[in-house]
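Novice: Sequence below, structure please.
(2 chains)
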2 protein chains.
Amino acid sequence: MKSYFFFEIIYQSNKSRARVGRIHTPHGIIDTPSFVAVGTNGTLKSLDNHVLETLDQQLMFCNTYHMLLHPGPDVVAQAGGLHTFIGRTKPIITDSGGFQVFSLAYGGVASELKSKGQKNTGNAVIKINEDGVVFRSYRNGDLITLTPESSVIAQKKLGADIIIPFDELPPYHIDKKTLKKSLDRTHRWEKRSLDQHLASPQQQAMYAVIHGGIIPEFRKESCETLGALPFDGFAIGGSVGKNREEMVEMLTSTMPLLPEDKPNHLLGIADLPSIESIIPLGVDTFDSSHPTKCARHGHLFTSLGTKKITQSRWKNDLGPIDPNCLCATCKNYSTSFIYHLFKAKEASAHTLATIHNITYMNDLMRQYREKILAGDL
Amino acid sequence: MKSYFFFEIIYQSNKSRARVGRIHTPHGIIDTPSFVAVGTNGTLKSLDNHVLETLDQQLMFCNTYHMLLHPGPDVVAQAGGLHTFIGRTKPIITDSGGFQVFSLAYGGVASELKSKGQKNTGNAVIKINEDGVVFRSYRNGDLITLTPESSVIAQKKLGADIIIPFDELPPYHIDKKTLKKSLDRTHRWEKRSLDQHLASPQQQAMYAVIHGGIIPEFRKESCETLGALPFDGFAIGGSVGKNREEMVEMLTSTMPLLPEDKPNHLLGIADLPSIESIIPLGVDTFDSSHPTKCARHGHLFTSLGTKKITQSRWKNDLGPIDPNCLCATCKNYSTSFIYHLFKAKEASAHTLATIHNITYMNDLMRQYREKILAGDL
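Specialist: This next block holds a predicted model:
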């Protein structure tokens, strides 16, 4: 086990697969289960990274696809890596860029499942073959080749604590034979990514991405194939189902097939009802832009349920957003003031709401950890 | 002299009218000459008020017109006043609402001088007479009457440290006779505002607004008329000229006519070249949204001149925005990162740029004060 990256299981529930752990990384500890905030371009939307540092947000997810297009990995490397460039001392994870590129290619269906509404991407993807993908930058029209090797090289330049091998994101509506072909190629790509990763002495961990859609035997094959390789952890990717039921069903059969002593990560899911379902299944970390997006839309998470802050009922509410929250927004401002900022369309409303929702998520995760440790989950 | 509000002159230059002073208010001291930041809706654009508290920004300007329309003075009063409502411990000044209402009425010309481009306001102003103004809320179409008395009552509810009497803002292009009529009415309105103010025991100061356009005898008459009344300070308002030369000419003749022992304020001017011109004329404080607007447009003030941060020349610049700046943005981030945030259209770019420009303004004012004290201005 690498000394700069290892996973401790503190407690394994005997009521469910839920567990409490600690992922040790070069930039500090991630207590699991843990919510991972998304900072696509190296910043959470509407939040200064130095404010984020105060929020107990242990892991941040940055997107290689976006950083590849701007400012480019060389600019980041020249600055000394992502941590120095974006002013963050805590752990960072980057993805491979595959998700975004294949969302461009298969956009209609992928976006149907993973996000609302698709950007008009035209014919951005030029070629997909065994080598990798050629696509056109939406910024300047440049042709960019993304392969397992080039993705890992880019992620080495970015220098996150945890990196992800290049994979294909097949659409949800795909026939079994095509999905199997995609799965096999993804496995070859992940192996090539791992080889590229291991060829470098850099202090980074690499998580495999388990694929196979919602077909149990494919997920099983993926767990076995990738589980036999020296990855540091395992992410669940690909299509996780068309709704929460399908996702839970898939995870219920897949999670027990992962190496138990390695940390796992669920890609792209962090809505509150899903969290309740996935923690008992043994998910350690999971990322999503959902809590920050909700914040900017004025959906504020509280211990008493989600508040839609733009409703006029909050106009005169002098209490905090959440009486049980200790975040700077709740400490410094009334619900009435936050309501006013949203109604006045002030950008600071988004900042204050984001501080609150991120704090809520991390409080919630702490409560989950305590609950598991107390034997209640 | 009121104990909760008084003005100390620390040093009067013998080379110019420039002076260094201290305005004592219920929420602390304002060192003059001082830049006043504009937080129209009770927040600087893109900045958390609690971050602003750390920036040495001694006085903040809030707009009664906007706070009147949302959330309304009663909501603010119920919260305990603006300071509590917006989470600010330092001094606040509010205007009367007159400027915005008359910009609606005479928009074309007023906006030509005071701001770029006019919002489409339709026929928002219904009636202007000796009593005051009736206008339609752009938010919900409600008819609102603004009079000297109602403006002061609203400002009492807001509870700023310094308040402004209700005045008329005549357009720049106006014949002398009409301007004289407006001036006389403004004087009557300011007297009514002062009476309303003095009828309340609240710890607030009221600055008169000197009018008269660019006609020296009118400005003189305004100084004499209003200077004879027990105002706590004197603001220069109305049309200050169609360009900097006219403004400087007007101020050169008007400033010596103000009571020397009272603080003065220039309304709506804070571009860097104007500051250089007005400080030797003895201006104590001045407000403008210019520095924060520049920040959001990526125009960053530095000791080496203004940097247009979206230019590609900054892509690889690992140094701070300004090597001589100690703000959190310059301390924590490289020019390259700020460039990246602007290019990626991240809202946090506006926050970090605002922190920088506000710090620059306050540093600049400190330097001016030191220069005056050293006998160099």
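Novice: and A:Ile210, bridged to which residues?
Specialist: In this entry, A:Ile210 is beta-bridged to A:Ile236, by DSSP bridges.
Novice: can you pull the contacts of A:Cys223?
Specialist: Counting by CB atoms under 8 Å, 6 or more residues apart in numbering or on different chains, A:Cys223 touches A:210, A:234, A:254, A:257-258. (Each C-beta comes from the backbone N, C-alpha and C, glycine too.)
Novice: can we see that at 10 Å?
Specialist: The contact partners of A:Cys223, by CB atoms under 10 Å, 6 or more residues apart in numbering or on different chains, come to A:208, A:210-212, A:234, A:236, A:253-259.
Novice: Next one: the residue nearest the centre of chain A from A:Pro73, what distance?
Specialist: Closest to where the C-alpha atoms of chain A average out (CA atoms, centre = their mean) is A:Asp287, at 2.8 Å. Here A:Asp287 is placed at a distance of 20 Å from A:Pro73 (CB to CB, to the nearest Å).
Novice: Grab the nearest non-local neighbour of A:Pro73.
Specialist: A:Lys157 (3.6 Å; CB to CB, 6 or more residues apart in numbering or on different chains).
Novice: actually A:Met206, not the one I typed
Specialist: A:His197 (4.8 Å).
Novice: Show the contacting residues for that neighbour.
Specialist: Each residue near A:His197 by CB under 10 Å, 6+ apart is listed here: A:148-149, A:152-153, A:155-156, A:163, A:165, A:204-206, A:230-232.
Novice: Spell out the secondary structure type for it.
Specialist: Recorded secondary structure, A:His197: helix (DSSP: H, G, I helix; E, B strand; the rest coil).
Novice: same check, this time on A:Leu52
Specialist: At A:Leu52, secondary structure determined by three-state DSSP is helix.
Novice: Over to A:Ser348?
Specialist: Following three-state DSSP, A:Ser348 is assigned to helix.
Novice: my guess is it meets B:Ser46, correct?
Specialist: Yes - if you go by CB atoms under 10 Å, A:Ser348 and B:Ser46 touch, sitting 6.3 Å apart.
Novice: Give me the common contacts of those two.
Specialist: By CB under 10 Å, 6+ apart, A:Ser348 and B:Ser46 have these common neighbours: A:46, B:347, B:350-351, B:354.
Novice: Check the stretch 101-250 of chain A for the residue nearest chain B and tell me.
Specialist: Chain B sits closest to A:Arg139 of the stretch 101-250 of chain A, with a gap of 8.5 Å, by CB to the nearest CB.
Novice: Give me the neighbour count for the closest residue to that residue other than its chain neighbours.
Specialist: If the residues on either side of it in the chain are set aside, A:Arg139 comes closest to A:Leu69, at 5.2 Å by CB to CB, 6+ apart. By other CB atoms under 10 Å in any protein chain shown, 21 other residues sit near A:Leu69.
Novice: how about JSON lines for the contacts of A:His197, with neighbour count added?
Specialist: As requested, the contacts of A:His197 are arranged in JSON lines below (neighbours: other CB atoms under 10 Å in any protein chain shown):
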{"residue": "A:Pro148", "neighbour count": "25"}
{"residue": "A:Glu149", "neighbour count": "19"}
{"residue": "A:Val152", "neighbour count": "27"}
{"residue": "A:Ile153", "neighbour count": "15"}
{"residue": "A:Gln155", "neighbour count": "32"}
{"residue": "A:Lys156", "neighbour count": "19"}
{"residue": "A:Ile163", "neighbour count": "26"}
{"residue": "A:Pro165", "neighbour count": "31"}
{"residue": "A:Gln204", "neighbour count": "24"}
{"residue": "A:Ala205", "neighbour count": "25"}
{"residue": "A:Met206", "neighbour count": "23"}
{"residue": "A:Pro230", "neighbour count": "10"}
{"residue": "A:Phe231", "neighbour count": "21"}
{"residue": "A:Asp232", "neighbour count": "22"}
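Novice: what pairs with the helix or strand harbouring A:Gly21, and is each one parallel or antiparallel?
Specialist: Using DSSP states H and E, A:Gly21 maps to strand A:19-25. Paired strands of strand A:19-25, with direction, are strand A:6-12 (antiparallel), strand A:28-32 (antiparallel) (DSSP bridges).
Novice: so after the shortest one, what's the next helix or strand?
Specialist: Tracing the chain C-terminally past strand A:28-32 and defining elements by DSSP H and E, one meets strand A:34-38 next.
Novice: Please tell me how far that next one is from the chain's geometric centre.
Specialist: How far strand A:34-38 lies from its chain's middle: 6 Å, per CA atoms, centre = their mean, to the nearest Å.
Novice: how about it, does it get close to chain B?
Specialist: No - judged by CB under 10 Å from any CB of the partner chain, strand A:34-38 makes no contact with chain B; its nearest approach is 12.7 Å.
Novice: That strand relative to strand A:28-32, how many degrees between them?
Specialist: Angle, strand A:34-38 to strand A:28-32, by axes from the mean of the first three to the mean of the last three CA atoms, to 10 degrees: 120 degrees.
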